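Enquirer: Generate coordinates for the sequence data below:
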Amino acid sequence: MITLVLAFTSVCVLGLCVATWTVRRKLRVVTVRGCSMEPSLLNGEKILVKRCTASGIRRGDVVFLEMGEPLGWTPGRPILPSSGFRSHIVKRVAALPGERVGADLGVTRSIPRDSVVPAGKLVLLGDNPNTSEDSRKYGYISAAWVTGKMIRKLGS
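Expert: The predicted structure is shown next:
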């Protein structure tokens, strides 16, 4: 009888470990830093992000990006420190590859009006245009940096 209880307990613990590992592979809790997404998302607010690539997003989604270089970085310019650069940002998808960039997006300096978003690029905007570092300033942003999209806000 004791052997049966130990076997059952072992199976339950193993199942719990597998379930936890699976959930952690698919979901991530992210803390919003800064005010670029206000009023939708506030500084310090936590959101639940489902891991995905750019192929899993739509216009209007709030996405999480892990960037290999700072926005606006000159290609070929070395990034310090030598261990590499990693930056995380949360922005809203305003236009996908192949979509026309309309005047309604307010992207005028960095992306010409009525241009078409090139393959592998996105137009990403913060909800607070006064403070957001996004496509308004830096133009198209690499879709390869998308690592997930927001599912929901988490309780405060």
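Enquirer: where exactly do the helices run in this structure?
Expert: Secondary structure of the chain by DSSP state H: the helices cover 2-26, 135-138.
Enquirer: any idea which of these scores lowest on pLDDT?
Expert: Sorting the helices of the chain by mean pLDDT places helix 2-26 lowest, at a mean of 65.
Enquirer: Look up how far V146 lies from the spatially most central residue of the chain.
Expert: Central residue of the chain (C-alpha atoms, centre = their mean): F64, 1.0 Å from the mean position. As for F64, its distance to V146 is 7 Å (criterion: C-beta to C-beta, to the nearest Å). To be clear about C-beta, it is placed using only N, CA and C from the backbone, and glycine gets the same treatment.
Enquirer: same deal with C35?
Expert: Applying C-beta to C-beta to C35 and V146 gives a distance of 22 Å.
Enquirer: what's the answer for K50, then?
Expert: The spacing between K50 and V146, counted by C-beta to C-beta, is 11 Å.
Enquirer: more crowded one of these two?
Expert: When K50 and V146 are compared on other C-beta atoms under 10 Å, the one with more neighbours turns out to be V146, at 24 against 14.
Enquirer: Around the residue nearest to that one when sequence neighbours are not counted, how many other residues sit close by?
Expert: Excluding the flanking residues, the one nearest V146 by C-beta to C-beta, 6 or more residues apart in numbering is A54, at 4.3 Å. The tally of other residues near A54 (other C-beta under 10 Å) stands at 20.
Enquirer: Isn't A54 up against T147?
Expert: No: in this structure A54 lies outside contact range of T147 using C-beta atoms under 8 Å: 9.5 Å.
Enquirer: Where does pLDDT dip in this structure?
Expert: Across the chain, the ranges flagged by pLDDT under 70 are 1, 4-7, 10-25, 68-86, 106-109, 156.
Enquirer: How are the strands of it distributed by residue range?
Expert: Using DSSP state E, the strands assigned to the chain run over residues 27-31, 46-51, 62-67, 87-95, 121-125, 141-142, 146-153.
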